[in-house]
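Undergrad: Fold the following for me, if possible:
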Amino acid sequence: MNELWTRFDGMGAVGRVSARLGLVGTTPPANPAWWGQTVTTAVDVATLLRHILDMPAGDRDPLISALAAASPVAADGFRQDFGLLTPGLTDAVAAKQGWMCCVAGRMQLHTAGITGPHGRFVVVVMSRRPATLGWESARRLLTDMASAAQRVLLNNPAPSESASREVA
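TA: The predicted structure is shown next:
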């Protein structure tokens, strides 16, 4: 992410992408060196994922493939086997995990991705909890929420414009 932030004018890119996609809750970080403190909302993340799904295959597929190849442990050693990436628990096609601690004594843990038959659904779960509760507790809660969202979607598949999309 550091390389992408630098290559594509991270601070400026946040504004350009937000304006292009109509993201109303996304703003760049106060300090340009801290891309991880970009502020966003679950709705904006879902909008970005839907935009990626609507891209031409040549642009979309490398992004989805990278998300689908997420390892159980990130480069910084953080375990990513929670939320939509919990082994055997969910039906995620591709997902992105996020974590950060400790701004104002709070930890943040997020899971966002494409799930369901043929990548039919976008699920985004974002959490912010007191750091004193610990990562394991946060992982369990986020996994429970992602699993509940998937159960609802898979058991009540309302027709949607994304129903016909196939994710490679």
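Undergrad: which strand is the longest one in the protein?
TA: strand 92-103 (DSSP state E).
Undergrad: what is the mean pLDDT for that strand?
TA: Mean pLDDT, strand 92-103: 88.
Undergrad: contacts for it?
TA: For strand 92-103, the surrounding residues in contact (C-beta atoms under 8 Å, 6 or more residues apart in numbering) are 36-37, 64-65, 67-68, 70, 74, 78, 80, 82-85, 107-116, 119, 123, 126, 131, 135, 167. (C-beta placed from N, C-alpha, C; glycine too.)
Undergrad: List the buried residues for it?
TA: Across strand 92-103, burial judged by 16 or more other C-beta atoms under 10 Å covers 92-99.
Undergrad: what's the farthest-apart pair in the residues you listed?
TA: The distance between the two most remote of these (C-beta to C-beta) is 21.3 Å, for 93 and 99.
Undergrad: how near is residue 128 to residue 150?
TA: 22 Å (C-beta to C-beta, to the nearest Å).
Undergrad: who's more crowded, those two?
TA: residue 150 (19 against 13; other C-beta atoms under 10 Å).
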